[in-house]
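Q: structure, please.
(chains A and B)
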Number of protein chains: 2
Amino acid sequence: MAQQGILIVVSGPSGTGKGTICRELLRSNPYLKYSISATTRKPRTGEVDGINYLFIAKDQFKTMIEKDELLEWAEVYGNFYGTPCRYVLDQLNNGQDVVLEIDTQGAMKIKDKFPQGVFIYIIPPSLDELADRIYKRGTDSLESIKQRLSCVSNELVQARNYQYLVLNDEVPKAVQKIEAIIAAEKCRSERNIDLINSLCHANYTCEQHREQPNI
Amino acid sequence: MAQQGILIVVSGPSGTGKGTICRELLRSNPYLKYSISATTRKPRTGEVDGINYLFIAKDQFKTMIEKDELLEWAEVYGNFYGTPCRYVLDQLNNGQDVVLEIDTQGAMKIKDKFPQGVFIYIIPPSLDELADRIYKRGTDSLESIKQRLSCVSNELVQARNYQYLVLNDEVPKAVQKIEAIIAAEKCRSERNIDLINSLCHANYTCEQHREQPNI
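A: Predicted coordinates for the structure are as follows:
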């Protein structure tokens, strides 16, 4: 039986570079699938519907909530964000690993439903550097930036609820760490129960071996 | 504060190639330290005292037990095996990772004392292949081989008590998996409590940032 795919959930404070890391991770590992979140917020410059997010209207989002078609959803800064179920579950059942980049509220809801997921929190080298990155990105209004930065300390407390912390000092290094985490998780005993059982149930004794040793 | 070193405990049934894997792991990662076990068994052809094992007399071994100088010890096939404490603890406290290749009895004793260790079980692709490897090695007496093979199924049951299973189909692949496990373990939240605390206690607010955003 093929091993079930792994759900890799990536979060981190705004401006910590988690988007860049996820893009680079997916580019270097084409076998990884990306779960696109649905959101009701306006696209930022350069963001494309169906690639960065599924940009949908509030009415449509509320219908998905009612029909239980979202793995999780949350309201953040007045906008709705959520993860459509179908795509993620189909991929995992086919043995495909899925990367999901979501906020901490969403991640913790996923953790309740999927404790077998791998929860990774991207952290900035320092808060000063994080502030610089958000300011320099220049895609948010000043009011939005102020709101985000004042929440950073609260967001960082959430790091304790993730299994792994990945420091984003350099993107390639952070990507390598996530690749190592995925490779390691595939070796975890609880993901290889079938393999252990198949070896243990084979009741091998010396007599079954017909070759003579070369001693 | 420097991160504490990681104790990497490697076990697996006889002939599964764990010795070869550990040697290759240490060769490719010179930053890893190897904990040499003490044993009262006779050296096999090519084995060197102080490199493969500390080959010591039974009296000396018993003195070490009495003086509590062993992290664990066990009697296997009539011989004593054990892990001298001092070297391992000194390295870990200096932030050095230590690799320890021991039998399952020893590993489980270490696990009781060091639940923060990383416990890796090397498994053969199949029991037939395992039997072939032991026969072809030709370093054990026929009686010893028979005794070992009949115990293999019992040994494999122990795999469930390890955090990670690494299939040794090809040595370089198995080594890469262990390297990934070590890299991933360094990212685990419980090994980075100080880092989380330092970030959470920095109570950053937007007003501290004097730059203007470029919007």
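
Q: when you work out contacts or count neighbours from here on, use the C-alpha atoms and nothing else.
A: OK.

Q: could I get the average pLDDT for the helix or strand hosting A:Glu185?
A: Take DSSP states H and E as the rule and A:Glu185 turns out to sit in helix A:171-187. Averaging pLDDT along helix A:171-187 yields 97.

Q: what comes up buried for it?
A: By neighbour count, and taking 16 or more other C-alpha atoms under 10 Å in any protein chain shown as the criterion, the buried residues in helix A:171-187 are A:171, A:174-187.

Q: okay, now A:Leu54: neighbour count?
A: For A:Leu54, the number of neighbouring residues by other C-alpha atoms under 10 Å in any protein chain shown comes to 20.

Q: can you list the low-confidence ranges for chain A?
A: Where chain A drops to pLDDT under 70, the residues are A:1-2, A:127, A:146, A:148-150, A:201-215.

Q: so where do the helices sit in it?
A: For chain A, the helices defined by DSSP state H cover A:18-28, A:58-66, A:85-93, A:104-113, A:127-137, A:142-157, A:171-187, A:193-201.

Q: list the contacts for the residue positioned nearest the centre of chain A?
A: Central residue check for chain A by C-alpha atoms, centre = their mean: the C-alpha nearest the mean position is that of A:Val9, 1.9 Å away. By C-alpha atoms under 8 Å, 6 or more residues apart in numbering or on different chains, the contact set of A:Val9 is A:Val99, A:Leu100, A:Glu101, A:Ile102, A:Ala107, A:Gly117, A:Val118, A:Phe119, A:Ile120.

Q: could you rerun that using 10 Å?
A: Contact criterion C-alpha atoms under 10 Å, 6 or more residues apart in numbering or on different chains gives A:35, A:98-104, A:106-108, A:110-111, A:117-121, A:162 as the residues in contact with A:Val9.

Q: just to revisit the earlier point, which members of the buried residues of helix A:171-187 additionally contact chain B?
A: Filtering the buried residues of helix A:171-187 for proximity to chain B by C-alpha under 10 Å from any C-alpha of the partner chain leaves A:Gln176, A:Lys177, A:Ile178, A:Glu179, A:Ala180, A:Ile181, A:Ile182, A:Ala183, A:Ala184, A:Glu185, A:Lys186, A:Cys187.

Q: follow-up on the earlier one: what two of the buried residues of helix A:171-187 are the furthest from one another?
A: The most widely separated members of those, counting by C-alpha to C-alpha, are A:Val171 and A:Cys187 (24.9 Å).

Q: looking at the helices of chain A, which is closest to B:Glu24?
A: Between B:Glu24 and the helices of chain A, the shortest separation by C-alpha to C-alpha is 18.3 Å, and it involves helix A:171-187.

Q: off-centre distance for the closest one?
A: Computed by C-alpha atoms, centre = their mean, to the nearest Å, the chain-centroid distance of helix A:171-187 equals 12 Å.

Q: angle of that helix against helix B:171-187?
A: Per axes from the mean of the first three to the mean of the last three C-alpha atoms, to 10 degrees, the angle that helix A:171-187 makes with helix B:171-187 is 110 degrees.

Q: show me what helix A:171-187 is packed up against.
A: Helix A:171-187 makes packing contacts with strand A:7-11, helix A:18-28, strand A:118-123, strand A:164-167, strand B:164-167, helix B:171-187 when contacts are defined by 3 or more C-alpha pairs under 10 Å, 6 or more residues apart in numbering or on different chains; DSSP states H and E.

Q: show me the one of the ones you listed that comes nearest B:Ser14.
A: When the helices and strands packed on helix A:171-187 are ranked by proximity to B:Ser14, the top entry is strand B:164-167, at 14.1 Å, counting by C-alpha to C-alpha.

Q: neighbouring contacts of the closest one?
A: Under the contact criterion C-alpha under 10 Å, 6+ apart, strand B:164-167 has outside partners A:184-193, A:195-196, B:10-12, B:16, B:18, B:118-126, B:159, B:173-178, B:181.

Q: go again using 8 Å as the cut-off
A: Under the contact criterion C-alpha under 8 Å, 6+ apart, strand B:164-167 has outside partners A:184, A:187-189, A:192, B:119-125, B:159, B:174, B:177-178.

Q: among these, which pair sits farthest apart?
A: In those, the most distant members under the criterion C-alpha to C-alpha are B:Phe119 and B:Pro125, with 19.2 Å between them.

Q: okay, those two: which has more neighbours?
A: For B:Phe119 versus B:Pro125, the count of surrounding residues by other C-alpha under 10 Å is larger for B:Phe119: 22 against 16.

Q: isn't the more buried one up against B:Tyr162?
A: Yes - in this structure, B:Phe119 is within contact of B:Tyr162 by C-alpha atoms under 8 Å, at 5.1 Å.

Q: overlap of the contact sets of the two?
A: Contact criterion C-alpha under 8 Å, 6+ apart; residues shared by B:Phe119 and B:Tyr162: none found.

Q: my guess is A:Gln96 meets A:Tyr31, correct?
A: Yes - at 7.5 Å, A:Gln96 counts as touching A:Tyr31 under the criterion of C-alpha under 8 Å.

Q: which one of the two is surrounded by more residues?
A: A direct count of neighbours by other C-alpha under 10 Å for A:Gln96 and A:Tyr31 places A:Gln96 higher, at 19 against 11.
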